[in-house]
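Peer 1: Okay, here's the prediction I keep looking at, along with the sequence it came from:
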Amino acid sequence: MLGIQLYEFTHDLTQTWRAGELQKLSGNADDNGTKYDLRLTRGATDYSGAVNGKPVTLPIEAFPN
């Protein structure tokens with residue numbers, strides 16, 4: 001190893017789980033310089049939220065217990 005950094009990924013996420021099911025997820029990630037602001041909330045049939053301010057919807061199966 002030459003001590004050269006080729007790639008970096010960091011994240012700071014907060015998850016709220018109840019009865020083995022993800023209820024909320026929020027936080028920030030940096031994927032090698034590409035920044036993400038993440039927000040998700042569980043609904044009756046799916047997760048809704050935003051990634052960098054753009055709306056996103058995911059199926060309940062996206063986060064297995």
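Peer 2: Okay, I see it. Since the structure is predicted, the reported quantities are computational estimates derived from the model, not experimental observations.
Peer 1: Sticking with the nearest residue to residue 11 once chain neighbours are set aside, tell me its helix or strand.
Peer 2: Leaving aside its chain neighbours, residue 11 sits nearest to residue 29 (4.0 Å; criterion: CB to CB, 6 or more residues apart in numbering). All C-beta atoms are positioned from the backbone trio N, CA, C, and that covers glycine. Secondary structure from DSSP states H and E places residue 29 in strand 21-31.
Peer 1: quick one: contacts of that strand?
Peer 2: Counting by CB atoms under 8 Å, 6 or more residues apart in numbering, the neighbours of strand 21-31 from elsewhere in the structure are 8-17, 35-42, 47, 49, 63, 65.
Peer 1: one more time with 6 Å, if that's ok
Peer 2: Contact partners of strand 21-31, identified using CB atoms under 6 Å, 6 or more residues apart in numbering, comprise 9-16, 36-42, 63, 65.
Peer 1: for whichever helix or strand comes after that strand, packing partners?
Peer 2: Scanning the chain past strand 21-31 towards its C-terminal end, the next helix or strand to appear is strand 34-42 (assignment: DSSP H and E). The contact analysis (3 or more CB pairs under 6 Å, 6 or more residues apart in numbering; DSSP states H and E) places strand 34-42 against strand 21-31, strand 46-51.
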